[in-house]
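**Q** Predicted structure and sequence below. I'll ask about it afterward.
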Amino acid sequence: MTWDFFWQWLDRLEMLSVAGAAALAVFKPQVLRRWFTRNRFPSVGSAALDKADAIVFTVSKADTPAWVMAQLKPKAVAFIATELSLPIAQALKQEASRLGIAALEPVLLADPDNPALCRRLTAELLVELADYGRLAVDVTGGRTPMSLGAFMAAEELGAGTLYVSCQYPNGKPDMASAAIVCISTPT
């Protein structure tokens, strides 16, 4: 084996790598993007989320979303609800209107155990709310797969993620003990 052969082989390998990366960029850009970015969360719990212009809520109960709306006073809100929580989401929409907050029609999540579906719905709502400014997703309510899907959409679209922490004496949230916990903020 001569050095010329080695360098020619290395040049061909490099050209194949570049061609492969170009093909990925054209046909499957998300694969190439994931390879370069991976899942990184540089701002987990690092700063308080004290302002949000628009918030998407995963809904199970009315107490915490109503409290968050009163605390952060966003310009607009959207709600993702299950069949059971849809009436609660409708009531929250009315509460938002009473507070002078624009509210989108609640979105029904047909399968609350499907994080991919919740991720897609959350992403659609975030895109719809983008003109309002700084975006956030409240993952407090709903089922765990809903919260996970909503969190993924928030991360992918650069929205902050929040959670309401409070005590539950007698099985009901004590909003006097509530605090907004910043899960992640966009970088």
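**A** Okay, I see it. Residues are numbered from 1 along each chain as shown.

**Q** Do you have the helices of this protein handy? List them.
**A** For the chain, the helices defined by DSSP state H cover 3-27, 29-37, 63-72, 86-98, 115-129, 144-157.

**Q** tell me the mean pLDDT for the first one?
**A** If I follow you right, that is helix 3-27. Averaging pLDDT along helix 3-27 yields 64.

**Q** The protein - how does it break down into domains?
**A** Here the domain parsing of the chain from automatic domain parsing is 3-37, 54-184.

**Q** just those domains: most buried one?
**A** Among the domains of the chain, domain 54-184 has the highest mean neighbour count (mean count of other CB atoms under 10 Å), at a mean of 19. For the C-beta atoms, the positions are set from N, CA and C on the backbone; glycine is no exception.

**Q** Of the domains of the chain, which shows the lowest average pLDDT?
**A** The stretch with the lowest mean pLDDT among the domains of the chain is domain 3-37, at a mean of 63.

**Q** Touching, Lys112 and Ser147? I think so.
**A** Quick fix: residue 112 is Pro, not Lys. No. Counting by CB atoms under 8 Å, Ser147 is not a contact partner of Pro112; they are 10.2 Å apart.

**Q** so what does the strand ranked longest in the chain touch, helix or strand wise?
**A** In the chain, taking DSSP state E as the definition, the longest strand is strand 174-184. Under the contact criterion of 3 or more CB pairs under 8 Å, 6 or more residues apart in numbering; DSSP states H and E, strand 174-184 touches helix 63-72, helix 144-157, strand 160-167.

**Q** just how off-centre is that strand within its chain?
**A** A distance of 18 Å separates the centroid of the chain from that of strand 174-184, by CA atoms, centre = their mean, to the nearest Å.

**Q** And stretch 119-127, by the same measure?
**A** For stretch 119-127, the separation from the chain centroid amounts to 8 Å (computed by CA atoms, centre = their mean).

**Q** show me the contacts for the closest residue to Thr82 other than its chain neighbours.
**A** Excluding its sequence neighbours, the residue lying closest to Thr82 (CB to CB, 6 or more residues apart in numbering) is Pro112, at 4.5 Å. For Pro112, the contact set (CB atoms under 8 Å, 6 or more residues apart in numbering) comprises 82, 118, 142-143, 145-146.

**Q** cutoff 10 Å now
**A** 58, 60, 80-85, 118, 142-146, 149 (CB atoms under 10 Å, 6 or more residues apart in numbering).
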